[in-house]
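Student: I would like to see how this sequence folds:
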Amino acid sequence: MQPRFPVRVTRRRALAGGVGAAALLTTARRVSAQRSAVGGGGGIAGGGTIETANGPIHFSLFGSRLMLEDESEPAIFGSLRWVDEDGGWTFESTSIANYGPPADDEDARELRGTVAANGGDEYPFVLRAVDIGAPGAGEDTIRLTVGEGAIDATPPAAAPSSALAYEVEGPLAAGDIQLLSFDPGDEE
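Tutor: Below is the predicted model:
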């Protein structure tokens, strides 16, 4: 039997989670009311820390793809914040171009778009997150590629002329990644 590691949820974290869920629900309802009914979809949410040889990296992520009944293309939503203090990098998403499962792993999801590096220049990014285990199990993994390795994520015109090549991958030391499924069904 493997030991279980308790996850401490403070009032602040619970409130932040509740605010995020409320924002998603409000956005889905607004899209539904303005454009059409939400036909279903999926998403990913998570946050935590990965340990690297250079120190801890903290992140939070959210991605969603919702199918709208009257639309041929899904609505894509997402957010990424990545703080690598020892490496001197903070990345925050500025646009999300695509979200979904890659063909090679049903437990993985990829989020693609652009991030602002340290509040300045924008670069393409690809985030790959894999939900394998329970919170604290150390089985979920995450990989962030920014710049040259993520060129196919956005049109080349979106990247500044100076090159950046950042890539970090590892298992979660703390936190969790959770796959989500939305099936609103008939609401009357």
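Student: which parts of stretch 43-55 are buried?
Tutor: Buried residues in stretch 43-55, counting neighbours by 16 or more other C-beta atoms under 10 Å, are found at Gly43, Ile44, Ala45, Gly46, Gly47, Gly48, Ile50. Backbone N, C-alpha and C define where each C-beta goes, glycine included.
Student: wait, stretch 121-131
Tutor: Of all the residues in stretch 121-131, those buried under the rule 16+ other C-beta under 10 Å are Glu122, Tyr123, Pro124, Phe125, Val126, Leu127, Arg128, Ala129, Val130, Asp131.
Student: what's near enough to touch the last one?
Tutor: Each residue near Asp131 by C-beta atoms under 8 Å, 6 or more residues apart in numbering is listed here: Ile44, Gly46, Asp107, Ala108, Arg109, Asp140, Ile177, Gln178, Leu179.
Student: Now for Pro74: which residues touch it?
Tutor: Gly41, Arg65, Leu66, Met67, Leu68.
Student: Could you report the distance from it to Leu66?
Tutor: 6 Å (C-beta to C-beta, to the nearest Å).
Student: Work out the sheet partners of the longest strand along the chain and label each with its direction, please.
Tutor: The single longest strand within the chain, with elements called by DSSP state E, is strand 165-182. In the sheet, strand 165-182 lines up against strand 38-52 (antiparallel), strand 141-147 (antiparallel) (DSSP bridges).
Student: Can you tell me which of these is nearest to Glu92?
Tutor: Checking those against Glu92 by C-beta to C-beta gives strand 141-147 as the closest, at 11.3 Å.
Student: Now stretch 128-147: buried residues?
Tutor: Along stretch 128-147, these residues count as buried under the neighbour rule (16+ other C-beta under 10 Å): 128-131, 133, 135-136, 138, 140-147.
Student: and which of these is nearest Val168?
Tutor: Leu144 (5.6 Å).
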